[in-house]
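**Student:** Sequence and predicted model, in that order:
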Amino acid sequence: MNSIIKNIIRYILLVLIQVFLLKNTVLFGLNTPYLYILFILLLPFETPNWLLFFLSFLIGLNIDIFNDTVGLHAASCVITAFVRVSITSITVQKDNYESDPEPTLAIMGFRWFFFYALVLTFVHHFFLLNFEVFRFSEIPATISRVFLSSLFTLTLIFIAELLFFRKKQRK
């Protein structure tokens, strides 16, 4: 399947899942999963930075529109995209890949993908939940929410990766 069509379908599905299924999923009154960040995580390595930032802003803006938040998700997604650029430039040797690979669990392996998803999920949740509260007095509660939401989101990311992506050989 064409990479553009696949990413359009992924974008639409993740926004719909987030808005209609996960929006009201709150465990213990503390954490909410934000599976839509999987779109940012799975964009191909060769995606130009300007397009990565634009798509990250766009998916965050769509979630903001449905959640009645004013730019919280958009800002967090753009920061996540910025960190993604830094991580991939440090940890990935792009010369080893012939055709625009995606940073999936099947292609990159468990250790790399776990580190990648953990860092980006934590960064996204840290900024999102701190922007939401925006008070120093709430830092301990916010940090616990960041950890719990990150754990919940990472679990869903790995379930999605194991269910929907076939095993590919890494070169």
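**Tutor:** Looks like it came in fine. Numbers count the residues shown, from 1 in each chain.

**Student:** Nearest residue to the residue most central in space within the chain in space, please, no chain neighbours.
**Tutor:** Most central in the chain under CA atoms, centre = their mean is Ile37, positioned 2.3 Å from the mean C-alpha point. Nearest residue to Ile37 in three dimensions, chain neighbours excluded: His124, at 5.2 Å (CB to CB, 6 or more residues apart in numbering). All C-beta atoms are positioned from the backbone trio N, CA, C, and that covers glycine.

**Student:** What count of nearby residues applies to the one you found?
**Tutor:** Using other CB atoms under 10 Å, His124 has 29 other residues around it.

**Student:** Show the contacting residues for it.
**Tutor:** Neighbouring residues of His124 by CB atoms under 8 Å, 6 or more residues apart in numbering: Tyr34, Ile37, Ser76, Cys77, Ile79, Thr80.

**Student:** In the chain, what helix or strand scores lowest on average pLDDT?
**Tutor:** In the chain, no helix or strand scores lower on mean pLDDT, DSSP states H and E than helix 105-108, which sits at a mean of 82.

**Student:** That one: what's the following helix or strand?
**Tutor:** Going down the chain from helix 105-108, the next helix or strand is helix 110-133, by DSSP states H and E.

**Student:** after that next one comes which helix or strand?
**Tutor:** Downstream of helix 110-133 (by DSSP H and E), the next one is helix 139-164.

**Student:** Off-centre distance for that following helix?
**Tutor:** Here the centre of helix 139-164 is set off from its chain's centre by 10 Å, with CA atoms, centre = their mean, to the nearest Å.

**Student:** and what of stretch 131-145?
**Tutor:** Computed by CA atoms, centre = their mean, the separation of stretch 131-145 from the middle of its chain amounts to 21 Å.

**Student:** what sits against Leu105?
**Tutor:** Residues counted as contacts of Leu105 (CB under 8 Å, 6+ apart) are Phe113, Phe158, Glu161, Leu162, Phe165.

**Student:** try Leu14
**Tutor:** Applying CB under 8 Å, 6+ apart to Leu14 gives the contacts Leu35, Tyr36, Leu38, Phe39, Ile59.

**Student:** Which of the helices or strands spans the residue lying closest to Ala81 once chain neighbours are set aside?
**Tutor:** Leaving aside its sequence neighbours, Ala81 sits nearest to Ser56 (CB to CB, 6+ apart; 3.8 Å). Using DSSP H and E, the element containing Ser56 is helix 49-67.

**Student:** Fine by me, we can end here.
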